[in-house]
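below: sequence and its predicted model.
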Amino acid sequence: MGNLVEIRNVSKVYERGKQKVEVLHHVDLDIAQGDFLALMGPSGSGKTTLLNLIGGLDSPSDGSIAVGGARIDKLGQGALAKWRAANVGFVFQFYNLLPMLSAQKNVELPLLLTKLSAAQRKKNASVALQLVGLADRASHRPTELSGGQQQRVAIARAIVSDPSLLVCDEPTGDLDRQSAEDVLGLLQTLNREHGKTIVMVTHDPKAAEYARQTLHLDKGTLVEQSAHA
């Protein structure tokens, strides 16, 4: 298995008025195909910034980022949006589901950017909902679902276009322990049985235990790495 993500000498600087704030400082990181990586670190350590760079939601100030051989740091906004739609699934802390749409329709959303027919979109969304254990909730709206169920719908939406990479920002940050464990177990299954490469930002050491390895960031620099059994 080769590397899916190759990050070389990446820095990220934000300008706040006249002040420049360096959030990431010359980061080098390889993420192997099929890995499940947890990113941990104190608030302001740069972990969400690094996650957004890997997912193509942001661009580095310096350095290079290759995902699946594509130099995403070289892509313009339009090309980057297309690349994201085809290659990355996103899972956020607060689900970001549209309240007026059913679970089925929420999961179909990323497929509206594709050339798939309505029937094929529906079929793919049904498969994704089945995979996350919510086939029986397809017609429910988000308000009729628990937090854990909403997050599983969000994961179904993230995987419906069959991306090679899932980026998850505090995916269990808003859930009770049992729902969190259900969601983490699902991510682990997607990694181990479906070959998804997952990068997850978390502040919860128990959540990090579900990953194959954990990286720690501090003040924009990778400080240590721990592999899990």
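Arrived safely.

wait, a helix at residue 100?
No: read with DSSP: H, G, I helix; E, B strand; the rest coil, residue 100 is coil and lies in no helix.

quick check: closest non-adjacent residue to it.
Leaving aside its sequence neighbours, residue 100 sits nearest to residue 141 (Cβ to Cβ, 6 or more residues apart in numbering; 7.1 Å). C-betas here are computed from N, CA, C, even on glycine.

how far away is that neighbour from residue 183?
In this view, residue 141 and residue 183 are 20 Å apart by Cβ to Cβ, to the nearest Å.

those two: which is more packed in?
residue 183 (25 against 16; other Cβ atoms under 10 Å).

just say helix, strand or coil for the more buried one.
From three-state DSSP, the assignment for residue 183 is helix.

got the contact list for it?
Shown in contact with residue 183 (Cβ atoms under 8 Å, 6 or more residues apart in numbering): 148, 151-152, 155, 171-172, 175.

min pLDDT across the residues you listed, which one?
Among the contacts of residue 183, residue 175 carries the weakest pLDDT, at 78.

before we move on, the earlier item: my guess is the residue nearest to residue 100 contacts residue 98, does it?
No: using Cβ atoms under 8 Å, residue 141 is not in contact with residue 98; the gap is 9.1 Å.

between those two, what contacts are shared?
With Cβ under 8 Å, 6+ apart, residue 141 and residue 98 have no common neighbours.

can you get me a residue count around residue 23?
Close neighbours of residue 23, defined as other Cβ under 10 Å, add up to 21.

so which strand or helix has it?
Per DSSP states H and E, residue 23 falls inside strand 19-32.

all helices of this structure, in order?
Under the criterion DSSP state H, the chain contains helices at 47-54, 77-87, 103-108, 118-131, 147-159, 177-192, 205-208.

could you dump the ones you listed to TSV with distance to residue 27?
Output for these, formatted as TSV (distance: least, Cβ to Cβ, whole Å):
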stretch	distance to residue 27
helix 47-54	7
helix 77-87	20
helix 103-108	33
helix 118-131	32
helix 147-159	24
helix 177-192	23
helix 205-208	19
